[in-house]
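[1] My questions are about this predicted structure, shown below with the sequence.
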Amino acid sequence: MVSSSQEMIDYTEKLAKALGIDIYTVKASVEDAEKIATVFKKKDVKCIMARGRMADILHELQMFSVVSCNPMAFDITKALTLVPVDVKEVVVAVYEPVISYNTMFSKDVISAMEEVSGRKLVFLTYQSNADLKNRLHEQLKKGKLWYVGTKSIVNIAGEHGQKGIELLSGEETMLNAFSEAFNVLGNQKRIFRESAILSDIIDITKQGVITTDAGGKITAINSHALRLIPEEDLQVGKSIVPFLPASAKAIKSGEELQDEVCFLKNKKIIINQRPFFLEEEVIGALINIQDAEVIEQLEGKIRNQLKQRGLVARWRFKDILGNSPEINQAKKKAAAFARTEYNILISGETGTGKEMFAHSIHLASKKHKGPFIVVNCSALPESLLESELFGYAPGAFTGARKEGKTGLFELANDGTIFLDEINSVNYHTQSRLLRVIEEKRVMRLGSDRYTNIDVRVISAANKNLWDAVMEGKFRRDLYFRLNELALVIPPLRQRTEDIPLFINSFLKKFGYRGQKKEEIMSLIQNLVPHHAWPGNVRELENLLKRIITLLNQTSLAELTNELYDDFSAKKYMTEGKHIMVSLGTLEEMENEIVSQVAALYNNDIGRIAATLGVSKTTGWRRLKRAMDGIRK
């Protein structure tokens, strides 16, 4: 309790003792308010009781909570009882805010006070000590009157031969003040406790955290932020503007900041910021600060861990060989697809490089820092595929791991999953797969909890997936979920001009240093016009292995004849206007005829249709059926 009145201090101590309350009292004038406040701050005082101008000054300093114990109307009435009965006019001097803020000083209440006391009341209000003295001097010129007010007012009145009664805050007023003070202290403890918890929370993170008010003034800061921004003036109560101008600008506009790169002297930091709103009004912001160097190191560590587990992509678009218009168009389209987050369905024959395209798309996408999971759907038994894709809870089935297992979709979180040969997935698993893709969450087998995932799905099929849909073997809804973007990889027979590039690349890969490189190139080039290359690039690679292995044991001519005979036996050779077909079913022989004609004319559909005596549309349909038959 702070007051310039010894009587007020004595009364407060007496009342506090009667109530069993420990209270510290200080007698001080208004002029000493700031000095007293500084002393209290050092003593870690939490709450002060004061009256009038003293209370206002202490409140304005904002060093602690201030409870006002200003006199009420009944306190004035009590003081008036001490004025002699024959005095018909009394001057009541009250600090102006007390009158303004206290609804008990209404005109009706003042009239009632006059009626009860039987005298006229003249209210003299003031805003400062200087204002009080000026108004009192004017009032004193009017003659002898009685005054009711603070100790200072009584003293000034006495100096001019006037009489006065000191206005004290009575028992009810002080009891209300004590009650409010305890409420304030209780709230402070709760706030301090919550602040301590919040402080521990923001300090336990290894990232810098700063909170501000709407004006950019710092309201909280953790130790990590102080280490990241080692500035002496970076502290609670200071503006964020000199240190993070981008943050200050975002606070003013109410915008978020995401991965904003800022430079502080020689240090690079990354800022993420979110504004606080109250009824659509910005009231502050939460600023997250990270050391860019630490993030880069962490990303490198994560990449190494993923690499050790084999969960990374290996190929980029530059690794896909070929300069033909067909492959360049496919790479151009795939690069455009990579910039999106849509699911992609890659179609192409066996050996065309569908997986290389999937790797390249992932590494060119926004998810390139995340895992890349490859799943060969045809290599996993139906009974295992579901548990591999979605994982399982502990004890989900007989033989399951005690600790359960993380599914491939969970492992691919924040990255890409490549589902190769998706056409081999059974209908039941297709249903679960559809739900996971649609809902972006997965539930392990035997569990009742969902895990949210952010995974891009790239799938591949070596057969026409739409045909499977039409045959009822593949879900139509899943097809459209997977086929948000469609990419078709051209077969080798449609880009035979790329074959020399593959030959050179494979010879280098095999470490071939022989002198017959030109002969090998010539041999394969002679085979190209007569072969449909159903195995595509993979078949070409295997052919080169065979040639290199046999070339030192036989002549080039003998090897050439052997390959021609072998291809002929495999029904892929054509020669001039004659073709040789092995006996089989009518459909098999028709497919062989069409495939050999297609190889002869390098897939020129016009010449194929003319030779077969059918329309181009029928020619396309026959060629497609023949290629599907070869793949089977």
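    On my side now, so go ahead. Numbers count the residues shown, from 1 in each chain.
[2] hey, let's count contacts and neighbours off CA atoms from now on
    Will do.
[3] Now do the same contact list for the spatially most central residue of the chain.
    Residue closest to the average C-alpha location in the chain (CA atoms, centre = their mean): residue 258, at 8.3 Å. By CA atoms under 8 Å, 6 or more residues apart in numbering, the residues touching residue 258 are 271, 272, 273.
[4] now, which of the residues you listed sits nearest residue 622?
    Ranked by distance to residue 622 (CA to CA), the contacts of residue 258 are led by residue 272 at 58.8 Å.
[5] Surely the closest one is in a strand?
    Yes. Under DSSP: H, G, I helix; E, B strand; the rest coil, residue 272 sits within a strand.
[6] quick one: it and residue 7, what's the gap?
    Distance from residue 272 to residue 7, counting by CA to CA, to the nearest Å: 58 Å.
[7] same deal with residue 371?
    For residue 371 relative to residue 7 (CA to CA), the value is 78 Å.
[8] of these two, who's got more company?
    residue 371 (26 against 14; other CA atoms under 10 Å).
[9] Pop out the phi and psi values for the more buried one.
    phi -70, psi 160 (degrees, to the nearest 10).
[10] Please tell me how far it sits from residue 336.
    As judged by CA to CA, residue 371 and residue 336 stand 21 Å apart.
[11] could you dump the contacts of residue 258 to CSV with distance to residue 176?
    Listed next are those as CSV, based on distance: CA to CA, whole Å:
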residue, distance to residue 176
271, 48
272, 47
273, 44
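[12] Can you tell me which of these is nearest residue 427?
    Within these, distances to residue 427 taken as CA to CA reach their minimum at residue 272, with 44.1 Å.
[13] and the closest one, what pLDDT?
    Turning to residue 272, the model gives it a pLDDT of 88.
[14] picking that back up, closest one to residue 31 out of the contacts of residue 258, please.
    residue 273 (44.6 Å).
[15] Tell me who's in contact with that closest one.
    Residue 273 sits next to 247, 256, 257, 258, 285, 286, 287, 288 when contact means CA under 8 Å, 6+ apart.
[16] Checking residue 365 next. Helix, strand or coil?
    On the basis of three-state DSSP, residue 365 is classed as coil.
[17] My guess is residue 92 contacts residue 122. True?
    Yes. Contact criterion CA atoms under 8 Å: residue 92 and residue 122 qualify, at 5.9 Å.
[18] more neighbours, those two?
    Each of residue 92 and residue 122 has its neighbours counted (other CA under 10 Å); residue 92 has more, 22 against 14.
[19] what pairs with whatever helix or strand the more buried one lives in, and is each one parallel or antiparallel?
    Per DSSP states H and E, residue 92 falls inside strand 89-95. Here strand 89-95 is paired, per DSSP bridges, with strand 120-126 (parallel), strand 146-149 (parallel).
[20] hang on, the earlier thing: quick one, phi/psi of the residue nearest to the centre of the chain?
    phi -130, psi 120.
[21] distance of it from residue 28?
    Residue 258 is 53 Å from residue 28, by CA to CA.
[22] Residue 446 too?
    74 Å.
[23] again, but for residue 357
    In terms of CA to CA, residue 357 sits 83 Å off from residue 28.
[24] Settle it for me: which of these two has more neighbours?
    residue 357 (24 against 16).
[25] So the more buried one belongs to a helix, correct?
    Yes. Counting by three-state DSSP, residue 357 is located in a helix.
[26] could you give the mean pLDDT of the helix or strand hosting residue 9?
    Using DSSP H and E, the element containing residue 9 is helix 6-19. Here helix 6-19 scores 86 as its mean pLDDT.
[27] Can you give me the buried ones in it?
    8, 9, 11, 12, 13, 15, 16 (16 or more other CA atoms under 10 Å).
[28] Just give me the closest of those to residue 67.
    Taking CA to CA as the measure, residue 67 lies nearest residue 12 of the buried residues of helix 6-19, at 13.8 Å.
[29] list the contacts for the closest one?
    1, 174.
[30] Same check on the one 3 residues further on?
    When contacts are counted by CA under 8 Å, 6+ apart, residue 15 is found next to residue 171.
[31] can you rerun that using 6 Å?
    Listed by CA atoms under 6 Å, 6 or more residues apart in numbering, the contact set of residue 15 is empty.
[32] and what of residue 66?
    47, 48, 49, 59.
[33] quick one: secondary structure of residue 287?
    strand.
[34] Quick one: residues contacting it.
    For residue 287, the contact set (CA under 6 Å, 6+ apart) comprises 209, 210, 273.
[35] if we take the residues you listed, which one ends up nearest to residue 42?
    After measuring the contacts of residue 287 against residue 42 - CA to CA - the closest member comes out as residue 210, at 25.8 Å.
[36] What helices and strands are in contact with whichever strand or helix holds the closest one?
    Using DSSP H and E, residue 210 sits in strand 208-213. Counting contacts by 3 or more CA pairs under 6 Å, 6 or more residues apart in numbering; DSSP states H and E, strand 208-213 is packed against strand 218-221, helix 223-228, strand 281-291.
[37] a markdown table for these, including mean pLDDT and distance to residue 129?
    Shown next, in a markdown table, are the helices and strands packed on strand 208-213 (pLDDT from 0 to 100; distance: least, CA to CA, whole Å):
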| stretch | mean pLDDT | distance to residue 129 |
| --- | --- | --- |
| strand 218-221 | 84 | 35 |
| helix 223-228 | 80 | 45 |
| strand 281-291 | 86 | 37 |
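[38] Pick the most buried one from these.
    Ranked by mean neighbour count under mean count of other CA atoms under 10 Å, the helices and strands packed on strand 208-213 are led by strand 281-291, which reaches a mean of 21.
[39] so residue 443 bridges to which residues?
    Here residue 443, judged by DSSP bridges, has bridge partners residue 450.
[40] That one: neighbour count?
    Counted by other CA under 10 Å, the residues lying close to residue 443 total 19.
[41] Same check on residue 624?
    Residue 624, neighbours per other CA under 10 Å, totals 16.
[42] With residue 553 instead?
    There are 9 residues near residue 553, going by other CA under 10 Å.
[43] and the helix or strand harbouring residue 429, C-alpha only, in CSV?
    Assigned by DSSP H and E, residue 429 belongs to helix 427-439. The C-alpha trace of helix 427-439 is given here as CSV (Å, rounded to 0.1, in the frame of the first residue of the first chain):
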residue,chain,number,x,y,z
TYR,A,427,-9.3,-56.5,-56.8
HIS,A,428,-9.5,-56.5,-53.0
THR,A,429,-6.2,-54.7,-52.6
GLN,A,430,-7.3,-52.3,-55.2
SER,A,431,-10.1,-51.2,-52.9
ARG,A,432,-7.8,-50.5,-50.0
LEU,A,433,-5.4,-48.7,-52.3
LEU,A,434,-8.1,-46.4,-53.6
ARG,A,435,-9.1,-45.4,-50.1
VAL,A,436,-5.5,-44.6,-49.1
ILE,A,437,-5.0,-42.5,-52.2
GLU,A,438,-8.3,-40.7,-51.8
GLU,A,439,-8.1,-40.0,-48.0
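[44] Contacts made by it with the rest, please.
    Residues contacting helix 427-439 (CA under 6 Å, 6+ apart): 442, 478.
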